[in-house]
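# Here is a sequence together with a model predicted from it:
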Amino acid sequence: MDYTPFLITLKLAFSTALFLLIIAVPISYFLAFSKWKGKIIVESLLMLPIILPPTVLGFYFLTFLGPESSIGQFFNDVFGISFAFSFEGILLGSIIYCTPFMITPITNGFRGIPRNIVESTYLFKKSRLNALWYVFLPSIKRSIWSGILLTFAHTIGEFGIVLMIGGKMQETKVASVAIYDEMNNLNYNAANQYALILLSISFVLILLLTFLTQKNRSDVA
Amino acid sequence: MEIACSASFQPAMTTALYGKSGVGKSTILRMIAGFERPDTGTISYNGTTWFSSEQGINLPISERKLGFVFQDYNLFPTMTVEGNLNYATAGGVIAPDIRQLVDSLKLTSLLNSYPNQLSGGQRQRIAIVRALCQKPELLLLDEPFSALDDDAISELITEIQFIQKSLNMMIIVVSHRKDVIFEMAEQVVHLKDGGVVFGTPAETLTRTF
């Protein structure tokens, strides 16, 4: 059995979670604490991937970033990066697709910090960055872990968008696409093996997430 | 909610803001601190204007030389008591006079504890000490007793009075309890629907408890 699809899947999931964590913290902080009335539009745009069919996302991804697009050509000419049929492409697609799964728990975490705690930080002549690092982020550790696990789990299970952007190339064939490929080739045994491993990984992730959620609930009580 | 109020507070005294629920006591305290912004008017302290709608002045909270104790959720839950006090101190380490205060209030044994390991009374006492780490000239207490039993309240009042006397500090406390006000306040600002009444507790409040 070829385990490369699992290695690519795990690499994609880790990379997506890491990149999203870095960009989600400041975005979530803004959504939670900003008084700007227009942030509802920003929040809605960020939540769009939840309801958008992956094929729609994949289609527009290729339209605006594919090899025929001006942005795609710029990146290819200047950086040598092609977003179609490459790991960079499926990573970017995965980041866009998983944005709500990282941003939502972290934003809710920030919003759940008691107002008095937030206001206390204004009293002590500390910068907002200092308060974020020493007070807010430690207070929402479980929300951050929820975001990481949800993003990781969601990336593991991606199919439509990865297939549209990455196809079935050596460096883009994730486990879910490998199952599809084996099914098409009538290799049911191989498809079953891939499916069982993916099922086991998914179950462990859900178990961790459930444990985290229950622990969070009991701490709040 | 509309509040129209004009008041001045005496230095080196404990003044209580009293009134029925919803009259705006906490809102006024929060405006003094800078957490809420009045629509119009002036807030000044010792000759310095903290807020003026006319002049467009709104001094940042951290510049107002005050300490503030909330009704609850004062202490940062992920820091120990010592961590909370260090964070509140300008240099990042508890000052000797604050450490002395911690000792005299018999709180030293709690320094390595987390807030969720403390009783309500202990949390409020630590919150008051933390508020003093910034060397404030004015201490604002917003219903600090509401989550406490009578014994804890008495203990806390004694300690606040000790702090007020030793630091010659101006304290403004919001409370809806007459017994607390009679025990700790020298002056009362009684907010009523029709206006504001100033005076001692005996002058402004009917002693019915």
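That came through, no problem. Numbering: from 1, shown residues only, chains lettered A, B, ... in the order given.
# switch to C-alpha atoms for all contacts and neighbour counts from now on
OK.
# In chain B, which residue sits closest to chain A?
Nearest residue of chain B to chain A: residue B:62, at 4.8 Å (Cα to the nearest Cα).
# and the longest helix belonging to chain B, what does it pack onto?
Of all the elements of type helix in chain B, the one with the most residues (DSSP state H) is helix B:150-167. Helices and strands touching helix B:150-167, by 3 or more Cα pairs under 8 Å, 6 or more residues apart in numbering or on different chains; DSSP states H and E, are helix B:120-132, helix B:178-184.
# so where do the helices sit in chain B?
Counting by DSSP H, the helices of chain B are B:25-33, B:81-88, B:96-104, B:120-132, B:150-167, B:178-184, B:201-204.
# Backbone dihedrals for the residue lying closest to residue A:167 once chain neighbours are set aside, please?
Nearest residue to residue A:167, sequence neighbours excluded (Cα to Cα, 6 or more residues apart in numbering or on different chains): residue A:85, at 5.9 Å. Residue A:85 adopts backbone torsions of phi 60, psi 40, taken as degrees, to the nearest 10.
# returning to that earlier point: list of residues touching the longest helix of chain B?
B:12-14, B:105, B:121, B:125, B:145, B:169-171, B:183-184 (Cα atoms under 8 Å, 6 or more residues apart in numbering or on different chains).
# switch the cut-off to 6 Å
B:121, B:145 (Cα atoms under 6 Å, 6 or more residues apart in numbering or on different chains).
# cool, and stretch A:82-102?
Contacts with stretch A:82-102, where a contact means Cα under 6 Å, 6+ apart, come from A:16, A:47, A:49, A:66, A:76, A:147, A:150-151, A:162, A:165-167, A:172.
# mind checking how far it is from the chain centre?
9 Å (Cα atoms, centre = their mean, to the nearest Å).
# what about it, average pLDDT?
Per-residue pLDDT over stretch A:82-102 has a mean of 92.
# Alpha carbons of it, as PDB, please.
Written as PDB, here are the backbone C-alpha positions of stretch A:82-102 (Å, rounded to 0.1, in the frame of the first residue of the first chain):
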ATOM      1  CA  SER A  82       1.800  27.700  -9.800                       C
ATOM      2  CA  PHE A  83      -1.400  27.500  -7.800                       C
ATOM      3  CA  ALA A  84      -2.900  24.800 -10.100                       C
ATOM      4  CA  PHE A  85      -2.000  21.200  -9.500                       C
ATOM      5  CA  SER A  86       0.600  22.000  -6.800                       C
ATOM      6  CA  PHE A  87       0.800  21.600  -3.100                       C
ATOM      7  CA  GLU A  88       1.000  25.400  -2.700                       C
ATOM      8  CA  GLY A  89      -2.300  25.600  -4.500                       C
ATOM      9  CA  ILE A  90      -4.200  23.000  -2.400                       C
ATOM     10  CA  LEU A  91      -2.700  24.600   0.700                       C
ATOM     11  CA  LEU A  92      -4.000  28.000  -0.200                       C
ATOM     12  CA  GLY A  93      -7.300  26.500  -1.100                       C
ATOM     13  CA  SER A  94      -7.400  24.700   2.100                       C
ATOM     14  CA  ILE A  95      -6.600  27.800   4.100                       C
ATOM     15  CA  ILE A  96      -9.500  29.700   2.500                       C
ATOM     16  CA  TYR A  97     -11.900  26.800   2.900                       C
ATOM     17  CA  CYS A  98     -11.000  26.200   6.600                       C
ATOM     18  CA  THR A  99     -11.000  29.900   7.600                       C
ATOM     19  CA  PRO A 100     -14.400  29.700   9.500                       C
ATOM     20  CA  PHE A 101     -13.300  26.700  11.500                       C
ATOM     21  CA  MET A 102     -10.300  28.500  13.000                       C
END
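# wait, the residue of chain B closest to chain A sits on residue A:127?
No: look at residue B:62 against residue A:127 with Cα atoms under 6 Å: they stay out of range, at 10.5 Å.
# What parts of chain B come near chain A?
Contact residues, chain B versus chain A (Cα under 6 Å from any Cα of the partner chain): B:62, B:73, B:88.
# on that earlier part again, and which of the contacts of stretch A:82-102 is nearest to chain B?
residue A:147 (19.8 Å).
# for the closest one, what are its contacts?
Per Cα under 6 Å, 6+ apart, neighbours of residue A:147: A:101-102, A:105.
# how many neighbours does residue B:115 have?
22 (other Cα atoms under 10 Å in any protein chain shown).
# Quickly note the distance from the residue nearest to it when sequence neighbours are not counted to residue A:118.
Counting by Cα to Cα, 6+ apart, the nearest residue to residue B:115 once its immediate chain neighbours are dropped is residue B:77, at 5.7 Å. For residue B:77, the distance to residue A:118 (Cα to Cα, to the nearest Å) stands at 12 Å.
# Surely residue B:143 touches residue B:173?
No: judged on Cα under 6 Å, residue B:143 makes no contact with residue B:173 at a distance of 7.0 Å.
# more neighbours, those two?
residue B:173 (26 against 19).
# which strand residues sit across from that one in the sheet?
Beta bridges link residue B:173 to residue B:16, residue B:141, judged by DSSP bridges.
# Pretty sure it sits against residue B:16.
Yes: using Cα under 6 Å, residue B:173 is in contact with residue B:16, at 4.8 Å.
# Can you tell me what sits against stretch B:198-209?
Taking Cα under 6 Å, 6+ apart as the rule, stretch B:198-209 contacts B:182, B:186-189.
# Can you lay out those residues as CSV showing neighbour count?
Shown next, in CSV, are those (neighbours: other Cα atoms under 10 Å in any protein chain shown):
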residue, neighbour count
B:182, 17
B:186, 16
B:187, 23
B:188, 27
B:189, 23
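# Mind putting the helices of chain B into CSV with distance to residue B:110 and mean pLDDT?
Below are those laid out as CSV (distance: least, Cα to Cα, whole Å; pLDDT from 0 to 100):
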stretch, distance to residue B:110, mean pLDDT
helix B:25-33, 28, 92
helix B:81-88, 7, 95
helix B:96-104, 9, 90
helix B:120-132, 9, 91
helix B:150-167, 16, 87
helix B:178-184, 26, 88
helix B:201-204, 35, 81
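# Out of the ones you listed, which is closest to residue A:29?
helix B:81-88 (21.2 Å; Cα to Cα).
# what's the angle from the closest one to helix B:96-104?
Put simply, helix B:81-88 runs at 150 degrees to helix B:96-104, going by axes from the mean of the first three to the mean of the last three Cα atoms, to 10 degrees.
# Which strands and helices lie in contact with the host helix or strand of residue A:178?
Element membership for residue A:178 (DSSP states H and E) is helix A:175-184. On a contact count with 3 or more Cα pairs under 6 Å, 6 or more residues apart in numbering or on different chains; DSSP states H and E, helix A:175-184 meets no helix or strand.
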